[in-house]
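> test case, fold it:
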Amino acid sequence: MPEQIPKLISKETQFPFNIDKFGLYAISISAICSIKNDLRVEIDNKLLRELPPEKNIQKYNIPPAWNGTKLKGLIQTNIFLLQLNKGEHNITFFPKNEAIVESWKINLIKDSSKIEFSIEQQAEDGDKRPWFTFSLIDLPIKSITAKASVFWHFWDGDDIKLIVDNKIENNTNSRLWKDWVWHATTKQLIFGTKQEQKTFETNLDTNIHYIEIWADRTPTLHNITFNLGDFVLKRIPTVDDPEWTGDFADDTDQMILARLIFGEAKNQTKEAMTGVGWTVKNRLKAKRKYFGFSYNEIILKNDGIYWQFSPLDPDEKDNFPLLINPLQTDNALTINAWHNAYNIALDIINGNISDPTNGATFFHSSDLSQEFFTTQSVPGAIFKTQIDKFLFYKDPNEN
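Predicted coordinates:
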């Protein structure tokens, strides 16, 4: 565990960490909470809550948190499985009163379709309490396979409960212990420890999933494997790692709009960049089929020969290579223009910056004549304003 993280957490505390490359990661945190003490975490400010969602958000009485009333001073390990992009991230600890963080680590998952954990850990002696929770964030689960050992301790035996998205997996071999899929009996006094590997078919779609393992007495969990089926790990471009995945359809709304603004107006003023971005939002607001109904659809619209926005055309040899990775250059002005475009895109999407085009849905540069544009390109287009080298027009069908 990095030295800067104190063992005792008594106030909201945030820790940054860096990821060298995009991938699927497991963030494992082991902590202890006593009665009336709780702990929860957020990774990159993502709030985890109860499943299914209730009217009042639950933050501490949920599987990926540490609930002192349930733990009674024992240790619980929570493992968060999620995709992380290259760059800086953060973990924020939110304690109620105080909690002890025993350890935490971050590991890259090499096989994203079949995730295997070698645990080899015996539970502390305790009565029916959370032990491990695996939080799969925006991932599917086809099946879960786990191997565990249990033993009988004279008047009581070891047990393990498995809960998948708030549903307890039943032990079909026992009525009395139907909620405990690994269960020791008095036979273990004669035959010794019982070790069993079990597989549970889940077939859960991509979403947030909580896999809880509860312990009674001192069972041992040897390993657990999550089969994600045909899941394919796909990087989501970010402002600091914007290289495309090979398909602009993987871009978020902010990313694809930022690419367009950057491609069309990287050498222009902020107002001109804003105008370019607003033409897209105005097309979105128009709700017309020939424009499209999403940022991606509008920006990527083409007939196989002509593109609505030329920077997206792969044949644009000067502009397109820079558009697919705006940070491939060392030019400080270009890098600054990219960050400006990204911030402007978010402001436009969130409505935090006004429309300087007065509702325009078309634009062209001043090196093209207005007459040609309004008679040949978009017949009847209504001129609205000029910003720097761009002339902006309203759709004639809006009259």
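> element containing the residue nearest to residue 34 when sequence neighbours are not counted, please.
Leaving aside its chain neighbours, residue 34 sits nearest to residue 73 (4.5 Å; criterion: Cβ to Cβ, 6 or more residues apart in numbering). In short, each C-beta sits where N, CA and C put it, glycine included. Per DSSP states H and E: residue 73 is located in neither a helix nor a strand.
> which residues touch residue 73?
32, 33, 34, 35 (Cβ atoms under 8 Å, 6 or more residues apart in numbering).
> same question, residue 283
Taking Cβ under 8 Å, 6+ apart, we find residue 283 in contact with 291, 292, 298, 361.
> would you verify that it is located in a helix?
Yes: Residue 283: assigned to a helix according to DSSP: H, G, I helix; E, B strand; the rest coil.
> assign residue 88 to helix, strand or coil.
Secondary structure for residue 88, judged by three-state DSSP, is strand.
> quick check: it vs residue 239, distance?
Distance, residue 88 to residue 239, by Cβ to Cβ, to the nearest Å: 12 Å.
> quick one, which of those two is more surrounded?
Neighbour count, other Cβ atoms under 10 Å: between residue 88 and residue 239, residue 239 has more, with 19 against 11.
> phi, psi for that one please.
As for residue 239, its main-chain torsions (degrees, to the nearest 10) stand at phi -60, psi -40.
> kindly report the same for residue 333.
phi -70, psi -40.
> and it, how many residues sit next to it?
10.
> hmm, who's touching stretch 191-200?
Against stretch 191-200 from outside (Cβ under 8 Å, 6+ apart): 143-151, 162, 164, 169, 181-182, 184, 187-188, 222.
> let's see that stretch as PDB, backbone CA atoms only.
Provided in PDB are the C-alpha atoms of stretch 191-200 (Å, rounded to 0.1, in the frame of the first residue of the first chain):
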ATOM      1  CA  PHE A 191     -13.600 -37.300   7.200                       C
ATOM      2  CA  GLY A 192     -11.800 -34.000   7.700                       C
ATOM      3  CA  THR A 193     -12.100 -30.800   5.700                       C
ATOM      4  CA  LYS A 194     -14.600 -30.800   2.800                       C
ATOM      5  CA  GLN A 195     -13.400 -29.000  -0.300                       C
ATOM      6  CA  GLU A 196     -15.800 -28.300  -3.200                       C
ATOM      7  CA  GLN A 197     -15.700 -26.400  -6.400                       C
ATOM      8  CA  LYS A 198     -19.100 -25.100  -7.600                       C
ATOM      9  CA  THR A 199     -20.300 -23.200 -10.700                       C
ATOM     10  CA  PHE A 200     -23.200 -20.900 -10.800                       C
END
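> give me the buried stretch members for that stretch, please.
residue 194 (16 or more other Cβ atoms under 10 Å).
> tell me the mean pLDDT for it?
Stretch 191-200 carries an average pLDDT of 96.
> from the chain's centroid, how far away is it?
Chain-centre distance of stretch 191-200: 35 Å, with Cα atoms, centre = their mean, to the nearest Å.
> one step back: just the buried residues from the contacts of residue 73, in ChimeraX please.
Buried subset of the contacts of residue 73, written as a ChimeraX selection, criterion 16+ other Cβ under 10 Å:
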select :32,33,34
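> make JSON lines out of the contacts of residue 73 and add distance to residue 354 and pLDDT.
Below are the contacts of residue 73 laid out as JSON lines (distance: Cβ to Cβ, whole Å; pLDDT from 0 to 100):
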{"residue": "32", "distance to residue 354": "52", "pLDDT": "97"}
{"residue": "33", "distance to residue 354": "49", "pLDDT": "96"}
{"residue": "34", "distance to residue 354": "53", "pLDDT": "96"}
{"residue": "35", "distance to residue 354": "54", "pLDDT": "94"}
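> from the contacts of residue 73, which land in strands?
Here DSSP state E is the test, and those give residue 32 as lying in strands.
> name the nearest of the contacts of residue 73 relative to residue 69.
residue 35 (5.7 Å; Cβ to Cβ).
> excluding its backbone neighbours, what's nearest that closest one?
Once flanking residues are discounted, residue 35 sits nearest to residue 68: 5.1 Å by Cβ to Cβ, 6+ apart.
> what's the neighbour count on the residue nearest to residue 19 when sequence neighbours are not counted?
Closest residue in space to residue 19, ignoring its immediate chain neighbours: residue 84 at 4.9 Å, by Cβ to Cβ, 6+ apart. Neighbourhood size, residue 84 [other Cβ under 10 Å]: 19.
> could I get the pLDDT score of residue 171?
For residue 171, the predicted pLDDT is 89.
> I'd assumed it was in a strand, is it?
No: counting by three-state DSSP, residue 171 is located in no strand; its state is coil.
> that one contacts residue 184, correct?
No: in this structure, residue 171 is not within contact of residue 184 by Cβ atoms under 8 Å, at 11.8 Å.
> ok, these two, which is more surrounded?
Neighbour count, other Cβ under 10 Å: between residue 171 and residue 184, residue 184 has more, with 24 against 20.
> can you tell me the element residue 211 falls in?
strand 194-217.
> what sits against the residue nearest to residue 35?
33, 34, 35, 36, 37, 38, 96, 99.
> and what of residue 182?
Counted by Cβ under 8 Å, 6+ apart, residue 182 has contacts 148, 150, 158, 159, 160, 196, 198, 219.
> I'd like the distance between the closest residue to the fifth one other than its chain neighbours and residue 176.
Once its chain neighbours are removed from consideration, residue 160 has its nearest residue in residue 182; the separation is 3.9 Å (Cβ to Cβ, 6+ apart). Taking Cβ to Cβ as the measure, residue 182 falls 14 Å from residue 176.
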